[in-house]
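Sequence and predicted structure are below.
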Amino acid sequence: MCAKIYNMKTLFDKYKEFILYVVFGGMATIVSIISFNYFANILLIKELIANIFSWVVTVAFAYVTNKLYVFKTKAKDLKDLFREIISFFSARLLTLLIEEVILYVGIDYLHIDNMLVKLAAQVLVVLGNYVLSKLFIFKK
């Protein structure tokens, strides 16, 4: 029994950063989907504009959780903090563009339900954001 617990702890410690990213990435995905639904289906804002509003809310949430809980970076000074914030939001702009293309094609050309397209796009966005965060923004 103790060996199993030890192995699980060792495994968790080895993949802790990725596991936490999946947890907080999942939470960010929920924030994104709920806010997109609110803007697009309740306020009736055109999907591509609603997605940009949703992006702002989600990226702010993701920055705080990634910085504090996943990558646990400490800025040395204000300049370092601004570099990190600018890098984070800039990288997220790339995945926003990808998501906007997916939404445009899925909703306007293929006429798929906007929430289904949003959900599918989120899978690619979360994966892309992890790679960008790990390699370029929160590198140790």
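Great, that's in hand. Numbers count the residues shown, from 1 in each chain.

Give me the residues contacting stretch 9-21.
Identification of contacts with stretch 9-21 by C-beta atoms under 8 Å, 6 or more residues apart in numbering yields Asn66, Tyr69, Val70, Phe71, Tyr130, Ser133. (C-beta placed from N, C-alpha, C; glycine too.)

how about the residues you listed, which pair is most distant?
Maximum pairwise distance in those, criterion C-beta to C-beta, is 14.1 Å, between Tyr69 and Tyr130.

So for those two, which sits in the more crowded spot?
Set Tyr69 next to Tyr130 and count neighbours by other C-beta atoms under 10 Å: Tyr130 wins out with 17 against 13.

Would you mark the buried spots in the longest helix seen in the chain?
Determined from DSSP state H, the single longest helix within the chain is helix 2-37. Applying a neighbour-count criterion of 16 or more other C-beta atoms under 10 Å, one finds 17, 20-21, 24-25, 28-29, 31-33, 35-37 buried in helix 2-37.

can you map out the helices along this structure?
Secondary structure of the chain (DSSP H): helices at 2-37, 47-65, 78-103, 114-132.

Please name whichever of the ones you listed is nearest to Phe138.
Closest approach to Phe138 among those is made by helix 78-103 (7.5 Å; C-beta to C-beta).

now for that closest one, which elements pack on it?
Using 3 or more C-beta pairs under 8 Å, 6 or more residues apart in numbering; DSSP states H and E as the contact test, the elements touching helix 78-103 are helix 47-65, helix 114-132.

Next, format these as CSV and append distance to Asp77 and mean pLDDT.
Putting the helices and strands packed on helix 78-103 into CSV (distance: least, C-beta to C-beta, whole Å; pLDDT from 0 to 100) gives the following:
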stretch, distance to Asp77, mean pLDDT
helix 47-65, 18, 96
helix 114-132, 23, 90
